[in-house]
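Asker: got a predicted model here, sequence first, then my questions.
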Protein chains: 2
Amino acid sequence: MPERGERIDPRIERSRAVILEAAVQELAELGYGGVTVESVAARAGVGKSTIYRHWPDKLDLIADAFETFHEQMVPDLGDRSARECIELLLGHVAEVVVDSTFSRCIPAMIEGAERDRRVREFHHRYSTQRRQVLIELVSQGIAEGDFRADLDPELATAALLGTLFYRRLMTGEPFDPGQAAELVATVLGPR
Amino acid sequence: MPERGERIDPRIERSRAVILEAAVQELAELGYGGVTVESVAARAGVGKSTIYRHWPDKLDLIADAFETFHEQMVPDLGDRSARECIELLLGHVAEVVVDSTFSRCIPAMIEGAERDRRVREFHHRYSTQRRQVLIELVSQGIAEGDFRADLDPELATAALLGTLFYRRLMTGEPFDPGQAAELVATVLGPR
DNA sequence: GAAGTTCGAAACGTATGCGTTTCGCAGCGA
DNA sequence: TCGCTGCGAAACGCATACGTTTCGAACTTC
């Protein structure tokens, strides 16, 4: 029985990790409404009771799964111009959005956000956080005179990211990451 | 028992209509995974057996509901410039996306498209159809010299619509329809 | 008005899934 | 080595929802 700050039983950490991983994969394959505690347990190779030992109910598990496994996709930007950073970042986001476990969770997350407050709060907080990096890069580019001065950085950023997500969610043809530079030129003006 | 082309029993038409309407409202409120045949029947004021008389199973009903009730939102564009038409159209789409029964069905439709082939096909076909009008207007604006010549009409259109959907689906602050002109200026260039 | 449909209500069987509990086992820490 | 604790398996009660069937009433058509 570990006191505060003590090391905790490795069995607990292992169980939590393997269950969360399985939950995310289930979310990607089956969607928000399709996940069952039993299937998560089966995929994780774990007893159902183990899940309920660590999470009070299914919603908590799902919300936790979303929060834990948003991939840390932050390429190092090095010493580049704002435009180059944005192209790099967008290309990277595009690759993730086009195909990844996380990508396949997006519809589940959108649906979950619509139905559940906790999922919604995480979803908005997370995407705001991601967006912020781009907004600042756009502002920087404007300050450096590389982009038109009349741009609203937030609106322009929504246009950049919106294009990727729109293609992925509303059409059959996901955005080609190689088009990132062209997209930047379209929204922020040609080079 | 009406032969081909004969008038059909008005009770059948009425049942179908009231059931589809109820199904769409349920989809808007509860999402793709939340709809139950019983709740649709209750909302429609109809026996559950009546639903199964007209649709073989729940998925068929849902797919049918999506297909039937996409609102016909086509404002008449009159005799305006391409830019004005686009601003008008975007403002209109923005209003629908921000708040309407159909808007609240979007997450359900995205999730449904991810999980079910029939829903996906309709979803893509429908959004492609909507997009086409805008693509042609952008092309027209380019031809008239109103927009930059180096624009890819399809990419630009994805950026325009993507902004609306991104704001609605990924952030807590939906697009303000009054910003339509600014969005057009951002993506297609200032006036 | 009569014949034929469609309808609503209700009950049914089946399946699924949530969340709980129990119990023997195995791994952890001391 | 020994007590403690997390674990997997299984069974359980309960609720929900699918899809079917039945039956008398209401409606449409002729």
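Answerer: Perfect, thanks for sending it. Numbers count the residues shown, from 1 in each chain, chains lettered A, B, ... in the order given.

Asker: can you get me a residue count around the closest residue to chain B within chain A?
Answerer: For chain A and chain B, the shortest gap (Cβ to the nearest Cβ) falls at residue A:33, measuring 2.0 Å. Backbone N, C-alpha and C define where each C-beta goes, glycine included. Counted with other Cβ atoms under 10 Å in any protein chain shown, the neighbours of residue A:33 add up to 20.

Asker: spatially nearest residue to it, not counting backbone neighbours?
Answerer: residue B:33 (2.0 Å; Cβ to Cβ, 6 or more residues apart in numbering or on different chains).

Asker: where does the one you found fall, helix, sheet strand or coil?
Answerer: coil (DSSP: H, G, I helix; E, B strand; the rest coil).

Asker: check it and give its pLDDT.
Answerer: Residue B:33 carries a pLDDT value of 89.

Asker: check contacts around it.
Answerer: Residues in contact with residue B:33 (Cβ atoms under 8 Å, 6 or more residues apart in numbering or on different chains) are A:31-34, A:111, B:111.

Asker: quick check: residue A:67 vs residue A:26, distance?
Answerer: For residue A:67, the distance to residue A:26 equals 16 Å [Cβ to Cβ, to the nearest Å].

Asker: more crowded one of the two?
Answerer: residue A:26 (23 against 16).

Asker: give me the element the more buried one is part of.
Answerer: helix A:10-30 (DSSP states H and E).

Asker: which residues are in contact with that helix?
Answerer: Outside helix A:10-30, the residues touching it (Cβ under 8 Å, 6+ apart) are A:34-36, A:39-41, A:43-46, A:50-51, A:53-54, A:61-62, A:64-66, A:68-69, A:101-102, A:104-105, A:108-109, B:115.

Asker: among these, which are within reach of DNA strand C?
Answerer: When Cβ under 7 Å from any atom of the strand is applied, the members of the contacts of helix A:10-30 adjacent to DNA strand C are A:35-36, A:39.

Asker: got a markdown table for the residues you listed, with neighbour count and distance to DNA strand D too?
Answerer: Formatted as a markdown table, these follow (neighbours: other Cβ atoms under 10 Å in any protein chain shown; distance: Cβ to the nearest atom of the strand, whole Å):
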| residue | neighbour count | distance to DNA strand D |
| --- | --- | --- |
| A:35 | 25 | 15 |
| A:36 | 13 | 12 |
| A:39 | 16 | 13 |
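
Asker: quick one on the thing from earlier: in helices, which of the contacts of helix A:10-30 appear?
Answerer: A:39-41, A:43-44, A:50-51, A:53-54, A:61-62, A:64-66, A:68, A:101-102, A:104-105, A:108-109, B:115 (DSSP state H).

Asker: list buried residues within the residues you listed.
Answerer: A:39-41, A:43-44, A:50-51, A:61-62, A:64-66, A:102, A:104-105, A:108-109, B:115 (16 or more other Cβ atoms under 10 Å in any protein chain shown).

Asker: what residues are up against the residue nearest the centre of chain A?
Answerer: The structure's chain A has its C-alpha centroid closest to residue A:70; by Cα atoms, centre = their mean the separation is 4.8 Å. The contact partners of residue A:70, taken as Cβ under 8 Å, 6+ apart, are A:102, A:126.

Asker: what's the longest helix in chain A?
Answerer: Ranked by residue count, the top helix of chain A under DSSP H comes out as helix A:117-143.

Asker: return the angle between stretch directions for the following helix or strand past that helix and helix A:117-143.
Answerer: Next helix or strand after helix A:117-143 toward the C-terminus (DSSP H and E): helix A:153-170. Per axes from the mean of the first three to the mean of the last three Cα atoms, to 10 degrees, the angle that helix A:153-170 makes with helix A:117-143 is 130 degrees.

Asker: need the contact list for residue A:41.
Answerer: Taking Cβ under 8 Å, 6+ apart as the test, what residue A:41 contacts is A:19, A:22, A:47-48, A:50-51.

Asker: kindly indicate which of those residues lies nearest residue B:119.
Answerer: Comparing the contacts of residue A:41 against residue B:119 with Cβ to Cβ places residue A:22 closest, at 26.2 Å.

Asker: any idea how many residues pack against the closest one?
Answerer: Neighbours around residue A:22, by other Cβ under 10 Å: 21.

Asker: same question for the one 5 residues further on.
Answerer: Look at residue A:27: counted by other Cβ under 10 Å, it has 26 neighbours.

Asker: how much space separates it from DNA strand C?
Answerer: 12 Å (Cβ to the nearest atom of the strand, to the nearest Å).

Asker: next one: residue A:49
Answerer: Distance from residue A:49 to DNA strand C, counting by Cβ to the nearest atom of the strand: 3 Å.

Asker: again with residue A:155
Answerer: Note on residue A:155: its distance to DNA strand C, by Cβ to the nearest atom of the strand, is 40 Å.

Asker: up against DNA strand D, what does chain A have?
Answerer: Residues of chain A lying close to DNA strand D (Cβ under 7 Å from any atom of the strand) are A:1, A:9, A:11-12, A:14-15, A:45-50, A:53-54.

Asker: low pLDDT regions in chain A?
Answerer: A:1-6, A:71-73 (pLDDT under 70).

Asker: who in it is up against DNA strand C?
Answerer: Residues of chain A lying near DNA strand C by Cβ under 7 Å from any atom of the strand: A:7, A:9-11, A:35-39, A:48-49, A:52, A:56-58.

Asker: for ChimeraX, write a command that selects the buried ones of the residues you listed.
Answerer: ChimeraX command restricting the residues of chain A next to DNA strand C to the buried ones, with burial defined by 16+ other Cβ under 10 Å:
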select /A:35,37,39
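
Asker: for the residues of chain A next to DNA strand C, which one is nearest residue A:164?
Answerer: residue A:35 (25.4 Å).

Asker: for the closest one, give me phi and psi.
Answerer: phi -70, psi 130 (degrees, to the nearest 10).

Asker: and residue A:172, by the same measure?
Answerer: Dihedral pair for residue A:172: phi -90, psi -10, per degrees, to the nearest 10.

Asker: that one - nearest residue in space that isn't next to it in sequence?
Answerer: Nearest to residue A:172 is residue B:124, by Cβ to Cβ, 6+ apart, at 4.7 Å.
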